[in-house]
Structures are given as C-alpha cells and as structure tokens.
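Asker: Output the structure for:
(one chain, ligands or ions: 1)
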Amino acid sequence: MDIRLLPEHDRFRDEVRGFLDRVLDDDLRDGARFCAGIFQDYATNMRWHRILYHQGWVAPSWPKQYGGTGWDLLQRYIWTTEASVAGAPGLAPMGLGMCGPMLIGHGTPEQRGYYLPRILSGEDYWCQGYSEPGAGSDLASLTLRADIDGEDYVLNGTKIWTTHAHHANRMFCLVRTDASGKPQQGITFLLLDMDSPGISVEPILFASGEHEVNQVFFDNVRVPRGNRVGRENDGWTVAKYLLEFERGGGGAARMQAALTRLKDLARSTPVDSGSLAEDPGFARKLASAEIDLAAIQYTEFRILAALAQGGNPGPESSILKNLGANMGQRITELAVEAVGCYAAPHQPEARTVGNNIAPVGPDQAIVVLPNYFNMRATSIAGGSNEVQKNIVAKLVLGL
Ligand SMILES: Cc1cc2nc3c(=O)[nH]c(=O)nc-3n(C[C@H](O)[C@H](O)[C@H](O)COP(=O)(O)OP(=O)(O)OC[C@H]3O[C@@H](n4cnc5c(N)ncnc54)[C@H](O)[C@@H]3O)c2cc1C
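Answerer: Residues are numbered from 1 along each chain as shown. Take a look at the predicted model:
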C-alpha cells in the first residue's frame with residue numbers, strides 16, 4: 001500500500017497541528033489522559049465535539065454532501081494520528097460512527113435531513129438498543145415486542161448493556177414485530193426519543209467504578225411508525241449494515257498513542273539496570289506489540305480505502321475488531337506490568353479532573369488498573385471475539 005505523503009499533506013499536517021495547539025486546553029487534555037473508561041466521559045466528549053463541529057471537522061468519514069470534510073484517506077489518517085498524539089479526547093461513536101452512516105445508507109431523505117445535522121451539531125446524543133438479557137451473540141433471538149396501534153408501535157420489554165443511555169436523548173433500537181418465522185425475519189429497526197413516557201434507565205456499574213452501561217426498560221412506550229428505518233420485519237439488514245461501521249475501527253492511531261504513553265511510563269520506571277524500557281525482556285514485549293500494531297494499522301487502511309470509495313467496511317471489519325480488542329488489552333496488561341505495585345491503589349477520586357488529590361507513583365499510574373479492567377470488556381462489547389472469528393470464517397474465508 002502506497003502511503004507516501006505529498007507536499008499538500010505536509011501542509012495539511014501543519015494546519016492540523018496549529019489547530020490542535022490552539023484549541024486543546026489543559027481540561028481537554030486531562031479529560032483524555034485520565035479517562036479510564038472505554039468511552040470518553042460525557043462532558044469532555046461534548047466540549048470536544050462542539051469545537052470540532054464549529055471547525056467543520058467533526059465527521060471526517062462522512063460523505064461531504066452530508067457534512068463530512070472531503071478529506072482523502074491520508075488526510076484522515078493524519079488527522080486521527082495528530083489528534084491522538086496531541087492527547088485529544090475521543091468522541092462517542094454511537095451517533096457519528098454508527099447511526100449517521102446507517103442513515104446515510106438506509107434512511108429516508110426526511111430522516112437524513114432531520115437527524116444528520118443534529119448528530120453533527122451534538123444536539124442529539126445516541127445510544128444503541130440491540131442487546132437484551134437473552135440476546136447478545138445470538139442477537140436475532142431478541143424479544144422486545146413492538147405491537148402496532150394506530151400510527152404507533154407500542155414497545156414492551158428491555159435492553160441491556162446500553163452504553164451511555166443515561167446521557168442519550170435518542171436510541172436506535174431493534175424490536176420484534178413478528179415472531180412467526182425465522183428469528184431474523186421478524187425484526188424491525190426503530191429510532192426513538194429517550195424521554196418518551198414509559199422508558200426507565202437503570203445503571204450497571206463496572207468493576208472499576210465507571211458508569212458507562214445501563215439496562216433500559218420499556219413499558220408501553222409509543223413510537224411513531226414514521227420512525228422506522230427500512231421495511232417492517234427487515235430491520236436485520238439495517239442492523240448488520242450498522243454493525244460493520246461499529247466494528248470498522250479507526251482505533252489504530254489511539255492505540256499507537258497508548259503505546260507511546262506506555263513507553264514513556266516504562267522510561268520513567270526505574271529497575272536495577274536503569275529504566276524498564278531498557279530491560280531486554282520488557283523492550284522485546286514493547287517491540288512485538290509495535291510490530292503487531294503496524295499490521296493493524298495496515299488492515300485499517302484497507303477498510304478506510306473501501307469507505308473512501310463510498311463502500312461500507314464489509315465483514316473484514318470483524319478482523320479489525322478482533323485484533324484491535326486484543327491489542328488494547330495487551331497494552332493495558334503491559335501498563336500494569338510497568339507500574340507494578342503502583343497499579344494497586346484504586347483511587348477513583350484522583351482521576352477526577354481539577355481535584356487536589358495527588359496521584360501515587362508515576363502520574364499515569366492512577367488510570368492503569370481501571371483501564372486494564374475496562375479493556376477486558378472490549379473483546380465482548382460490539383460482538384465477542386469468538387463471534388467475530390465466526391463471521392470471518394464464514395463471510396471472509398467462505399468456510
Ligand atoms: C462494555 C460493554 C458495552 C456494551 N454496549 C452495548 C450497547 O451500547 N448496546 C448494545 O446493544 N449492546 C451493548 N453491549 C452488549 C454486547 O454487544 C454483548 O455483550 C455481546 O454481543 C455478547 O453478548 P452477551 O453478553 O449476551 O454474551 P453471550 O452471547 O452470552 O456470550 C457468552 C460467551 O459465549 C461465547 N459465544 C456465544 N455464541 C458463540 C458462538 N456461536 N460461537 C462461539 N462462541 C460463542 C461468546 O463469545 C462469549 O464468550 C455492550 C457490552 C459491553 C461489555
């Protein structure tokens with residue numbers, strides 16, 4: 001793959017660096033640095049989202065006609081790399097990375113015209129209502145019922161593991177509209193308002209203390225039939241299309257930045273022979289991770305190239321999802337090894353930006369253990385590693 005930079009790419013990189021220098025203040029950088037969750041905290045996410053929106057850079061992967069930047073593949077790569085290296089926060093993917101591309105592919109002109117500008121501006125914050133207590137890997141067995149009553153669907157049942165449902169004002173959701181045939185054939189895709197009467201959101205806390213996911217209950221919730229995406233009982237097609245974007249990544253630059261932070265950590269960790277970074281055993285592990293991460297980067301390029309030509313990520317996105325989850329976990333494992341005993345004290349208060357509690361050990365050590373715990377979930381969230389391997393075997397390798 002040819003990734004040589006042209007002079008205009010160098011100029012673009014200077015522009016990006018200048019912008020990041022100008023807008024990234026200490027609060028945004030600390031919000032990103034002390035984020036131990038899988039997702040950026042809501043307040044930091046929204047501040048960063050609005051800054052990028054006003055700059056016109058909030059949705060680089062969208063087609064230009066819908067509010068994308070019109071950047072080529074290398075410009076997008078330069079942007080994500082520079083933003084990660086500069087310590088910029090991440091952005092929640094449910095609207096920009098999942099619902100938006102899904103609407104561009106399957107929404108009506110009215111749905112695109114209404115929802116896409118609101119995703120771009122940050123006015124709408126989305127959550128994903130796919131999983132249920134009895135339907136995760138076997139998603140097609142979902143049972144949340146939607147009965148037709150006049151111009152509305154009436155929803156009864158529950159969704160679980162719903163990331164940021166407690167912040168979201170909208171949900172995209174899979175519901176059961178027909179239970180008579182094959183499970184995949186009776187599913188419908190709906191968009192709904194989280195403040196609809198009959199919806200309640202209960203928190204589920206992670207082992208690390210973070211509140212990211214929830215269980216959502218539906219008690220006779222009315223959703224207008226016009227909020228359906230795609231045809232009735234054909235929501236499975238839309239759901240699968242959206243999942244390709246969820247699994248299509250964009251995370252290699254962030255992992256690269258995490259690896260760079262890990263190296264800094266190793267350099268500042270003394271061992272008998274000097275620093276941990278010079279220890280041959282640890283240096284070998286760092287080098288091995290770096291080589292594997294380069295392979296992930298090239299896989300991501302191939303998927304981005306398909307997107308840049310107007311395609312969707314395809315089932316190959318499952319390769320990236322799997323490799324990315326493993327790499328994220330590996331980096332956090334090495335970070336725990338690097339900080340050693342300093343990983344032990346669990347200090348949720350020290351991670352709150354702006355307080356006066358001094359961290360123990362190397363500065364970065366306070367997020368190492370919660371980050372390690374949270375990254376365990378990445379080989380489950382968005383479809384487990386085993387399920388991704390099944391998809392690759394079937395749809396990529398044709399086995
Ligand atoms: C942090 C986090 C955030 C999430 N956020 C959301 C969200 O916002 N919205 C949403 O809808 N869902 C969300 N999920 C749910 C997620 O999609 C499911 O957890 C996931 O699909 C697995 O389903 P399950 O938990 O029911 O596990 P199960 O499906 O019960 O799987 C249990 C184990 O069995 C294995 N397994 C199952 N079937 C097979 C098979 N056919 N072959 C081989 N192995 C198999 C799995 O790999 C896994 O190890 C989130 C999950 C997590 C952990």
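Asker: and the residue in the stretch 1-150 of the chain positioned nearest to the ligand, what pLDDT?
Answerer: Closest to the ligand within the stretch 1-150 of the chain is residue 136: 1.9 Å, counting by CB to the nearest ligand atom. For glycine as for every other residue, the C-beta is placed from the backbone atoms N, C-alpha and C. According to the prediction, residue 136 has pLDDT 95.
Asker: give the contact list for it.
Answerer: By CB atoms under 8 Å, 6 or more residues apart in numbering, residue 136 lies in contact with 161, 384.
Asker: Show the backbone phi and psi for it.
Answerer: Torsion angles at residue 136 (phi, psi; degrees, to the nearest 10) stand at phi -120, psi -90.
Asker: Could I get the average pLDDT for stretch 240-247?
Answerer: 80.
Asker: Within range of the ligand, give me the residues from the stretch 151-300 of the chain.
Answerer: Within the stretch 151-300 of the chain, the positions lying close to the ligand (CB under 6 Å from any ligand atom) are 161, 162, 163, 213.
Asker: Quick one: neighbours of the first one, just the number.
Answerer: Other residues near residue 161 number 21, with proximity taken as other CB atoms under 10 Å.
Asker: Could you give the secondary structure assignment for residue 90?
Answerer: The assignment at residue 90 comes out as coil when based on DSSP: H, G, I helix; E, B strand; the rest coil.
Asker: ok, longest helix in the protein?
Answerer: If each helix of the chain is counted by residues according to DSSP state H, the longest one is helix 280-308.
Asker: Enumerate the positions of that one that are buried.
Answerer: 282, 285-286, 289, 293, 296-297, 299-301, 303-304, 306-307 (16 or more other CB atoms under 10 Å).
Asker: what about the stretch 201-350 of the chain, any weak spots by pLDDT?
Answerer: Within the stretch 201-350 of the chain, the segments meeting pLDDT under 70 span 246-250, 308, 310, 344-350.
Asker: which residue ranges form the strands in it?
Answerer: Taking DSSP state E, counting those that start in this stretch as the criterion, the stretch 201-350 of the chain carries its strands at 211-224, 228-229, 270-271, 274-275.
Asker: among those, which is the most enclosed?
Answerer: Highest mean neighbour count of those: strand 228-229, a mean of 24 (counted as mean count of other CB atoms under 10 Å).
Asker: and that strand, which strands flank it?
Answerer: When sheet partners are counted by DSSP bridges, strand 228-229 sits next to strand 187-193 (antiparallel).
Asker: Run the angle between the strand it pairs with and strand 211-224 for me.
Answerer: 100 degrees (axes from the mean of the first three to the mean of the last three CA atoms, to 10 degrees).
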